[in-house]
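Chemist: When you get a sec, could you give me coordinates for this:
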Amino acid sequence: MRLSLLTAALAAALMLPAAPVLADAERLEADLRALFAGRGELTLGEVSTSLLGGETRAEEIRFTGHDGERLWVERYVVAGDYDAPDAVTLEGVRLEGEVEELEAPLTIAVEEVALDAPDRAVPPRDDEALEEAWFDGVTLTSLAIDHREERLARLERLALDNDFADGEGGLWLDALSLDLPRMIALSPEEERTRLRMASNVLTDGSGELRLDAAFDARWEPEDEREGRLVSDGELTLRDGLVFGLDLDSLLVLPEEGDVTTLMAEGTLLEEAALGGGRLELRLAERGLFDRLATLGATMEGISKAQYLEQARTQAEGFGMMFGPQVRDLLNGLVDLMAGGAESLVVTLDLPAEERLERFAEDPLALPERFAMRVETR
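Modeler: Residues are numbered from 1 along each chain as shown. Next up is the predicted model:
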């Protein structure tokens, strides 16, 4: 009798999570089918939830759209509570579709797409809702774009943190590589000469454009409506240039506004006012400016020395029209082209009580509204 009672108790304990486990698996399948409903043919492999809950997954998702596009997802995993996931991960993603200008399909493959705490387990059909619900924190690992089995582009990693609820965010791009000659060969014939010229300047003739970037941002609240936005970052174009920035600015938020919402909606620049601060922009020459000078001289049929002298004359002319800061900035760019400097640093003291969006409306007036200093090193 004791053995029977123990066995019954154990069986009951194992069956307790069965109802929610089954429900989550059924909900995932239903939500996936609703996502693709009316758009084409969808097939799913096994859809299941772990025995104790906590993870629901769908295997071998296959979709063929009415226009012939094809999507494969080897594994779709929802971690945590189905209604408020800790993470959603797509493994083995492959998208293949026709592009009007190309004779053969374009294929995009991603080893893994990981979403950090999205609002829902399956993306909404509406594009605007999709951005709001799914892209506050996303990481793509090992992305490749192919055409006719030729690799056009590859990316080791892309990470975006647009959720400032914890006061931090950023964008990170690791090892982006573009095969420009292959991409140019797919462009309209009348544009190829111009594109090849640009490719040679950007890549020093190698044809491979390589890019890395990392930008961090941090919000440091001082009271309900004010805080400091601190940001720094660097973008590197291999064999070309390095661009960097450092920002430390006091921002005044609108009434009933919060930085998390404004950043997520992309309206911070429209809504916030400056309370003062400092912005530093840096350009470091890695070969691009020298090649630009050579190209400019070639196109005008003059020597490089003549081209640089002409550029300095133009810088002085613009300085007479827009002020000495503009003159110093343009002369600094000429110094980079001439090899007289390795880097250019622009420092701006940000004024108080100014709407950020106003600066974009009239960029040529910036030197008058900022205390701007230009330095070459």
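
Chemist: how about the strands in the stretch 1-150 of the chain?
Modeler: Assigned by DSSP state E, counting those that start in this stretch, the strands in the stretch 1-150 of the chain fall at 40-43, 47-49, 55-65, 70-81, 84-97, 106-116, 137-147, 150-161.

Chemist: try the stretch 201-350 of the chain
Modeler: 208-221, 226-237, 241-252, 273-285, 343-355.

Chemist: by contact count, what packs against the longest one?
Modeler: In this structure, strand 208-221 packs against strand 168-179, helix 192-203, strand 226-237, with contacts taken as 3 or more C-beta pairs under 8 Å, 6 or more residues apart in numbering; DSSP states H and E. Any C-beta I mention is one placed from the backbone N, CA and C, and that applies to glycine too.

Chemist: And the contacts of it?
Modeler: 164, 167-180, 199, 202-203, 227-239, 245, 259 (C-beta atoms under 8 Å, 6 or more residues apart in numbering).

Chemist: please redo it, this time with the cut-off set to 6 Å
Modeler: 164, 167-173, 176-178, 180, 202-203, 227-228, 230-233, 235-238, 259 (C-beta atoms under 6 Å, 6 or more residues apart in numbering).

Chemist: That one to strand 150-161, inter-axis angle?
Modeler: 10 degrees (axes from the mean of the first three to the mean of the last three C-alpha atoms, to 10 degrees).

Chemist: how much space between the nearest residue in space to residue 136 that is not next to it in sequence and residue 126?
Modeler: Computed as C-beta to C-beta, 6 or more residues apart in numbering, the closest residue to residue 136 that is not its neighbour in sequence is residue 163, at 3.9 Å. Relative to residue 126, residue 163 is positioned 20 Å away (C-beta to C-beta, to the nearest Å).

Chemist: now do residue 192
Modeler: 39 Å.

Chemist: Neighbour count for these two, which is higher?
Modeler: A direct count of neighbours by other C-beta atoms under 10 Å for residue 192 and residue 126 places residue 192 higher, at 15 against 10.

Chemist: Excluding sequence neighbours, find me the nearest residue to the more buried one.
Modeler: residue 184 (5.4 Å).

Chemist: repeat for residue 253
Modeler: Closest to residue 253 by C-beta to C-beta, 6+ apart is residue 225, at 4.9 Å.

Chemist: My understanding was that that neighbour contacts residue 254; is that so?
Modeler: No: in this structure residue 225 lies outside contact range of residue 254 using C-beta atoms under 6 Å: 7.9 Å.

Chemist: mean confidence for stretch 190-209?
Modeler: Confidence over stretch 190-209 (mean pLDDT, whole number) is 95.

Chemist: what distance separates the start and the end of that stretch?
Modeler: 22 Å (C-alpha to C-alpha, to the nearest Å).

Chemist: Show me which positions of it end up buried.
Modeler: 195-196, 199, 201-204, 207, 209 (16 or more other C-beta atoms under 10 Å).

Chemist: what's the most distant pair in these?
Modeler: 195 and 204 (15.9 Å; C-beta to C-beta).

Chemist: Figure out which of the strands of the stretch 1-150 of the chain is closest to residue 284.
Modeler: The nearest among the strands of the stretch 1-150 of the chain, by C-beta to C-beta, is strand 150-161 at 22.7 Å.

Chemist: coming back round to it: make TSV out of the helices and strands packed on strand 208-221 and add distance to residue 346.
Modeler: Formatted as TSV, the helices and strands packed on strand 208-221 follow (distance: least, C-beta to C-beta, whole Å):
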stretch	distance to residue 346
strand 168-179	22
helix 192-203	23
strand 226-237	15
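
Chemist: which ones are touching residue 263?
Modeler: Taking C-beta under 6 Å, 6+ apart, one finds residue 164 in contact with residue 263.

Chemist: Check what pLDDT it gets.
Modeler: In this prediction, residue 263 has a pLDDT value of 78.

Chemist: so where's the chain uncertain?
Modeler: Counting by pLDDT under 70, the low-confidence segments of the chain come to 1-22, 53, 128-134, 353-368.

Chemist: show me what contacts residue 158?
Modeler: Per C-beta under 6 Å, 6+ apart, neighbours of residue 158: 140, 173.
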